[in-house]
Structure formats: C-alpha cells, structure tokens
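# what follows is a predicted protein model with its sequence.
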Amino acid sequence: MSPMSPMRPMSPMSPGTAPPDRQAAMTPSTRLECKICWTVYDPALGDEVWQIPPGTPFNELPAHWTCPNCSALKQDFLLLDD
C-alpha cells in the first residue's frame, strides 16, 4: 500500500472571490456555469431573478448574489469554454 499524501491547507479566500488565476481568465463577456445545478450566468443576458441588467460581467455581480436556481455561491461557478 502507498502512504497517503498529507493534505495541504487551502489558502483563505473571502466568499464569492475567484482565485487569481480564474480572475485573469475572465473577460467581461465570460459565461460561467453553476457546478451544482448547471445554470449558466451569461453577462449578455444578466439575471432577471436578481434584477441584474444585461451587460453585467460576473465579477461585477453584488457580493450577496447567488445562483438564481439553487442559491449556490459565486465561488461555485465554473468558467465555460466557448
């Protein structure tokens, strides 16, 4: 049997903050998908549930914004490859 590798502590991040490498990959038109329910946030459409106007980039969503379908936090969204 191979020994288990020790777990490294995760770097602290405030809720809703994307890791630096993810922020660098995001553009104002980047679409993201909820990893829990697969809802897509498309900046071109905004979010009717939260009354977010079209043209609002993901990184400009309010800190309290959550997935309109399942209430997942912003950190639970994954970049979509278009």
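Nice, I can see it.

# all helices for this structure, in order.
Assigned by DSSP state H, the chain shows helices spanning 20-25.

# show me the shaky parts of this protein.
Within the chain, the ranges that satisfy pLDDT under 70 run 1-24.

# and residue 78, what does it touch?
By C-beta atoms under 8 Å, 6 or more residues apart in numbering, the contact set of residue 78 is 32-35. Yep, even glycine has a C-beta here, placed from its N, CA and C like the rest.

# out of those, who's nearest residue 79?
residue 32 (5.9 Å; C-beta to C-beta).

# picking that back up, mark which of the contacts of residue 78 are buried, thanks.
Using 16 or more other C-beta atoms under 10 Å as the burial test, these include 32-34 as buried.

# ok, the residues you listed vs residue 60, which is closest?
residue 32 (12.7 Å).

# show me what the closest one is bridged to.
Using DSSP bridges, the bridge partners assigned to residue 32 are residue 41, residue 79.

# got a list of what it touches?
Applying C-beta under 8 Å, 6+ apart, the residues contacting residue 32 are 40-41, 58, 77-80.

# quick check on those: which are buried?
Counted by 16+ other C-beta under 10 Å, these give 41, 58, 77 as buried.

# right, and the first one touches residue 77 too?
What that stands for is residue 41. Yes: between residue 41 and residue 77 there is a contact under C-beta atoms under 8 Å: 6.5 Å.

# now for the two: what residues contact both?
32-34, 58, 67.

# turn those residues into JSON lines, columns for distance to residue 48.
Below are those laid out as JSON lines (distance: C-beta to C-beta, whole Å):
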{"residue": "32", "distance to residue 48": "17"}
{"residue": "33", "distance to residue 48": "18"}
{"residue": "34", "distance to residue 48": "16"}
{"residue": "58", "distance to residue 48": "16"}
{"residue": "67", "distance to residue 48": "13"}
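
# thank you, goodbye.
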